[in-house]
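> based on what follows, work out the 3D shape:
(chains A, B and C)
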Amino acid sequence: MDLIAHLPALQVVIPMLSAPLMVLLQPRGLAWAGATVVALVSFAMAATLAIGVLNGLTPQYFMGGWPAPFGIALSVDAFSAVLLLIVTGASAGALLAAKPSVDQQVEEERQPLFYAAWMLAMAGLIGIVVAADAFNIFVFMEISSLASYILIAGGPDRRALPAVFKYLTMGTIGATFYLIGVGLIYMMTGTLNIEDMQNRIGDVTDINPILVAAGFITIGLALKAAVFPLHVWVPNAYTHAPHMVTVFLAACATKVSLYVLIKFDYLVFQSRLVDHDMQFALFLMPMAILGILIASAVAMFEGHLKRLLASSSIAQIGYILLCASFISTLGLSASVVHLFNHALAKGGLFLAVACLAYHYRDLRLDQLGGASTKMPWTCATVVICGLSLIGIPGTAGFISKWLLISASLQIGPWGWFLVAIILLSSLMAVAYVWRIIEALYFKAPVEGVGPQSEAPIQLLAVTMLVAALNLYFGFFPQVPLELATEAAGMLLEGAQ
Amino acid sequence: MKLLELLGYFNYWVFAIVLMVGLYAVISKANLIKKLIGLSIFQSAVFLMYITMDKVEGGTAPIIQKGVENQIFSNPLPQVLILTAIVVGVSTLALGLAMVVRIKESYGTIEENEILDAD
Amino acid sequence: MIAENAILTAIVVPLLGALLIALGGRFGPNIREAVTAITSISLIFVVWGMLPALIAGERPAVEVSQVLPGLSIAFKVEPLGMLFAALASGLWLINSIYSVGYMRGNKEKNQTRFYTCFALALSATMGVAFAGNLFTLFLFYELLTLSTYPLVSHKGDEATVKSARIYLGVLLSTSIGLFLPAIIWTYTAAGTGDFVSGGILAGKLSDTSVGLLLGLFVFGIGKAAVMPVHKWLPAAMVAPTPVSALLHAVAVVKAGVFAITKIIVYIFGVDFLFDSPNSGWLLYVAAFTIITASVVALRQTNIKRLLAYSTIAQLSYVVMAAAILKPLAEVGAAIHMVAHAFGKITLFFAAGAIYVAAKKTEVHQLRGIGRRMPWTMTAFTIGALSMIGVPPTAGFVSKWYILAGAFEANNLVAVFTIIASTVLNAAYFLPLIYMAWFEKEQEGAKEHGEAPFMAVFALCVTALLTLAFFLFNGPVIELESQVVKGLN
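Numbers count the residues shown, from 1 in each chain, chains lettered A, B, ... in the order given. As a prediction, this is how the structure comes out:
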């Protein structure tokens, strides 16, 4: 029994237990340091787990030694390994860079509480990913949601408060829908363990409650994952949150819900319900397509930098969902790879936004003139991450776009229609990314506004690192690709 | 017979109605406190559903007593789950109320349309 | 092994140069421009050093990394690419010399950024030239677009930004919207995107699909400016003249027609395409572009815009020549890239020199300018004659080969187009030349002489090259004939 067997549990336990400790770290900067160390340790654990998964292990941990399905099991497979990397990576990256920006936005005496909430949010998100039990997923979901409400409302912008309230009501409705669905499945199968559900759901004779459950779970999670048209909470919540919180949440929060959605559907429903794959595809594909087109169009005409990026996130979620609805190995790999690559691109962009926001109060595009002369490095990272978002070759985004189009071509003549939509929205991405770039490089500075110098080196260094990763994974995407292919295989194996 | 069968699902009818009442309040009310009340009602409906399904006919509370054997228990698991869910619900409500307090402090109102007008 | 390293060196040298230029900019313009010159000279040595091996029949290739299964970044030297690389690297040196004269004479801002992006664009051009498969080609094609964007938008005022937006918008949207799906389709259908002699698609696609895929490629490669995706070229005229020369002669448009030729020869395969009934339309589109662009050029009053439309027409010569699908015509396509490059760069250099010396941009202002700027206008005349195709200039050689190919294929449309466009070319260039040499200057005109020495020197060199190519084209033709060896 080596250490790796305990990692799934430690992954959750360490950040969760560190949360109350943060509150005790009162002196200036200490809470930040503590949180960063914990996030880095979590990231190291996630990396170890990912390597283990690549070497063919499936780390599992049974709480209290009770075996599944009776006890609570935590398990890590290829799919969750990717998500773990995203969550812990986003958290570690954002925290490493966070200090200057958070010092500016959160009062010093409230910082320990802020970082405690951050730890709880991270613990919750990790918990969702490693939990093998449907009810535990609900609990972790609520832990992470409650903590992220606090994080979003933690900044100086009062408009964050109504945004959080909206997020809170919609998030709670989503989670409750999920709970109803889980209850119905439990009613019919008598188990909460996902693997066990998969085995027992075939014996259920009365299929109607299961269908209702599938509906509730899909809608509930789609709400939390900000799938179009259930995304209305996203733009305001992302826009008015403290900048570092936006980095963290935009990179991973909705993706984790998407993970549960995909995992539940493939493993529990598609494996046993006749024609469910068709229902799944036909239900989600139109939502994904509409989301891609409409959200991209909204982003094209959006004047506020953060809101523009938030709209683009909704479109990107559409991509992920679109590939998942193909129900093919290539489609699912594209989906998982895009989860990873989009986290990189959008994380980098929001980090750059945090750099800009260090000097600019107002982040509307017409206020950002003259940024390129005073903050050349920040602007360069915006360009690189923006290109990755568009999917220019040589960046991580291109890899997912390539897989996405290849997967669409596989599904026959209909695929051409989807390819056209993907390409159209890529062109829209060119348009909105270029609006940002023109604003940064060519707009005349507004008088009295604007930076005198670059962003703090700590913030800038992490931003540039993420930009570099966008390039690195554009040329060497082997690790995420291998994990994604394995994850796709696992999910489809369940579906057959 | 048909009617009886429908009536037999009495608890589930109540669950559905309460659920919808809560959801309606969340959607239609502009007052943030009323929205939160609706949200709580909405969550309570789910508790009712869980508790209903764990009932075993003739069963009693799942506590092992000395000297009593062959006792029929209600399923304890949903009860435990709902205990957890109640805790979650209470925390959500508390956090929601805290948000409302802060909204009141910075906007001076808790009516949604007035908040929207203020920005 | 040496040749393999040379490929990568050819891409890295300008990249390294860009870095050094950016650093050198801090130590003053002389250092920066010296670095530019040294970089371009080293690039010439690297690229031209590969020639002997290539003529001997070697095809050095190197794979850098496997990005996705079956999708790799790989390079391979073959005659078409070699010609393009040799041309671009050689003209870069001349262009750099000219740039020094032009940029200093005009007192432009941000010169360090200018030279840095120029070097980056050259690095991308080398990548395009030596690409061993479609994916690598696409990668560097996009890099070329992006690295030239700061050059086109160099001035940074509102009109420039707007034009640069058209430049980038057209090139990126065609490449993402059409070129990329064409590439993915090719990979899906053939399982590979490697450039192989004789093509990889034979027998893999239905007749309708061939026509469609060809369309995706031709219109997806917006840099070739086949109508209706030509709009970016006149828009990009807002750039400083050395950039226009880069766009028109050295790198960008050449990358476009080069890519189309390469795809026709190595992806479709000339024979396969010739037998396919649905590929004939390309010839008509190209012919239409030639005639229309020439007619539009007739009506231009701005010198640079006139040259831009002339370029659009000349590019479609290459596309049309490739679309004739006969060996002689393919050779003609390759040679026309060179001939047009020499001629057009001379014309642009001359237009830039006129702007620097006299601040004149319109055609009618050229009255009598020949007496004030005899060197420049002599070069301009040579360039214009080459565009028309009059011996003894380079343009005559390539037209000869294209015509020969057209007769070989019994393609009367192509023959007619060439004749008609020659007449049109003459109709818009000859009056201009006449005006410059034989008409009287307006009264009270500004006194001015020649442009700075560096600029005049550069344009004289390219004019001489235009003449020299008429006489010494043997090695080039021999090299390019290797491409079509074994075709009927």
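> interface residues of chain A facing chain B?
Within chain A, the residues that sit near chain B (C-beta under 8 Å from any C-beta of the partner chain) are A:135, A:138-139, A:142, A:146, A:149-150, A:153, A:158-159, A:161-162, A:164-165, A:168-169, A:172-173, A:176, A:179-180, A:183, A:186-187, A:192. C-betas here are computed from N, CA, C, even on glycine.
> next one: the closest residue to C:L134 other than its chain neighbours from C:G370, what distance?
Once flanking residues are discounted, C:L134 sits nearest to C:G193: 3.5 Å by C-beta to C-beta, 6 or more residues apart in numbering or on different chains. Shown here: C:G193 relative to C:G370, a distance of 51 Å by C-beta to C-beta, to the nearest Å.
> wait, the residue nearest to C:L134 touches C:I184, no?
No: shown here, C:G193 and C:I184 do not form a contact pair, counting by C-beta atoms under 8 Å, at 9.1 Å.
> off-centre distance for stretch A:341-351?
Computed by C-alpha atoms, centre = their mean, to the nearest Å, the chain-centroid distance of stretch A:341-351 equals 10 Å.
> what is the mean pLDDT for that stretch?
The average of the pLDDT scores along stretch A:341-351 is 93.
> that one and chain C in contact?
No: between stretch A:341-351 and chain C, judged by C-beta under 8 Å from any C-beta, nothing touches; the nearest distance is 12.8 Å.
> just to revisit the earlier point, more neighbours: which of C:G193 and C:G370?
Shown here are C:G193 and C:G370; by other C-beta atoms under 10 Å in any protein chain shown, C:G193 has more neighbours (26 against 21).
> now what about stretch A:239-246, what contacts it?
The contact list for stretch A:239-246, computed with C-beta atoms under 8 Å, 6 or more residues apart in numbering or on different chains, reads A:94-95, A:97-98, A:101-102, A:105-106, A:118, A:148, A:151-152, A:154-155, A:157, A:159-160, A:163, A:238, A:249, A:304, A:306-307, A:310, A:350, A:353-354, A:357.
> only whichever of the residues you listed are buried, select them in PyMOL.
Per 16 or more other C-beta atoms under 10 Å in any protein chain shown, the buried members of the contacts of stretch A:239-246 correspond to this PyMOL selection:
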select buried, chain A and resi 94+95+97+98+101+102+105+106+118+148+151+152+154+155+157+159+160+163+238+249+304+306+307+310+350+353+354+357
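> of the contacts of stretch A:239-246, which belong to strands?
When DSSP state E is applied, the contacts of stretch A:239-246 are split such that none fall in strands.
> any idea which helix or strand comes after the host helix or strand of C:G395?
Assignment of secondary structure by DSSP states H and E places C:G395 within helix C:394-408. Where DSSP H and E defines the elements, the next helix or strand beyond helix C:394-408 is helix C:412-438.
> assign the residue of chain B positioned farthest from its centre to helix, strand or coil.
Centroid-distance maximum for chain B: B:G67 at 36.8 Å, with C-alpha atoms, centre = their mean. Following DSSP: H, G, I helix; E, B strand; the rest coil, we place B:G67 in the coil state.
> please name the residues that touch it.
Contacts of B:G67 by C-beta under 8 Å, 6+ apart: none found.
> now narrow the residues of chain A next to chain B to whatever sits close to chain C.
Among the residues of chain A next to chain B, chain C is touched by none when using C-beta under 8 Å from any C-beta.
> drop the exposed ones from these and show what's left.
By 16+ other C-beta under 10 Å, those give A:135, A:138-139, A:142, A:146, A:149-150, A:153, A:158-159, A:161-162, A:164-165, A:168-169, A:172-173, A:176, A:179-180, A:183, A:186-187, A:192 as buried.
> excluding sequence neighbours, find me the nearest residue to whatever residue of the stretch 151-300 of chain A ends up closest to chain B.
The nearest approach of the stretch 151-300 of chain A to chain B comes at A:R158, 4.2 Å away (C-beta to the nearest C-beta). Spatial nearest neighbour of A:R158, excluding adjacent residues (C-beta to C-beta, 6+ apart): B:S106 at 4.2 Å.
> can you check C:T112 too?
In space, C:T112 is closest to C:G25, 3.0 Å off (C-beta to C-beta, 6+ apart).
> tell me where chain B has helices.
B:2-8, B:10-28, B:32-53, B:76-107, B:112-118 (DSSP state H).
> which stretch in those helices is the model least sure about?
helix B:2-8 (a mean of 74).
> hang on, the earlier thing: could the helices of chain B be laid out in a markdown table, adding mean neighbour count?
Formatted as a markdown table, these follow (neighbours: other C-beta atoms under 10 Å in any protein chain shown):
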| stretch | mean neighbour count |
| --- | --- |
| helix B:2-8 | 8 |
| helix B:10-28 | 15 |
| helix B:32-53 | 20 |
| helix B:76-107 | 17 |
| helix B:112-118 | 13 |
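> the closest residue to A:A163 other than its chain neighbours: how many residues sit nearby?
Leaving aside its chain neighbours, A:A163 sits nearest to A:N236 (3.6 Å; criterion: C-beta to C-beta, 6+ apart). A:N236: 22 surrounding residues under other C-beta under 10 Å.
> for the one 5 residues further on, same thing?
A total of 29 residues lie near A:A241 under the criterion other C-beta under 10 Å.
> roughly how far does the residue positioned nearest the centre of chain B sit from A:P286?
Centroid-nearest residue in chain B, with C-alpha atoms, centre = their mean: B:S44, separated by 1.1 Å. Counting by C-beta to C-beta, the gap from B:S44 to A:P286 is 34 Å.
> go on, C:I55?
59 Å.
> also A:A431?
For A:A431, the distance to A:P286 - C-beta to C-beta - is 24 Å.
> same check on C:F416?
51 Å.
> give me every residue that touches A:S91.
Per C-beta under 8 Å, 6+ apart, neighbours of A:S91: A:A39, A:S42, A:F43, A:W118, A:M122, A:F248, A:C252.
> out of those, who's the most crowded?
Most crowded among those, counting by other C-beta under 10 Å, is A:M122 at 33 neighbours.
> which strand or helix spans it?
Counting by DSSP H and E, A:M122 is part of helix A:111-130.
> mean confidence for that helix?
pLDDT averaged over helix A:111-130 gives 92.
> tell me what it is packed against?
Other helices and strands packing on helix A:111-130, by 3 or more C-beta pairs under 8 Å, 6 or more residues apart in numbering or on different chains; DSSP states H and E, are helix A:7-24, helix A:30-54, helix A:78-105, helix A:134-152, helix A:243-264.
> tell me the most buried of these?
helix A:243-264 (a mean of 27; mean count of other C-beta atoms under 10 Å in any protein chain shown).
> what about the residue of chain A positioned farthest from its centre, is that helix, strand or coil?
When distances to the mean C-alpha position of chain A are computed (C-alpha atoms, centre = their mean), the maximum falls on A:E447, with 37.5 Å. Assigned by three-state DSSP, the conformation of A:E447 is coil.
> show residues contacting stretch B:88-96.
Against stretch B:88-96 from outside (C-beta under 8 Å, 6+ apart): A:138-139, A:142, A:146, A:149-150, A:165, A:168-169, A:172, B:36, B:39-40, B:43-44, B:47.
> the same query, at a cut-off of 7 Å, please.
Outside of stretch B:88-96, the residues within contact range by C-beta atoms under 7 Å, 6 or more residues apart in numbering or on different chains are A:V139, A:E142, A:L146, A:Y149, A:L168, A:T172, B:L36, B:L39, B:S40, B:Q43.
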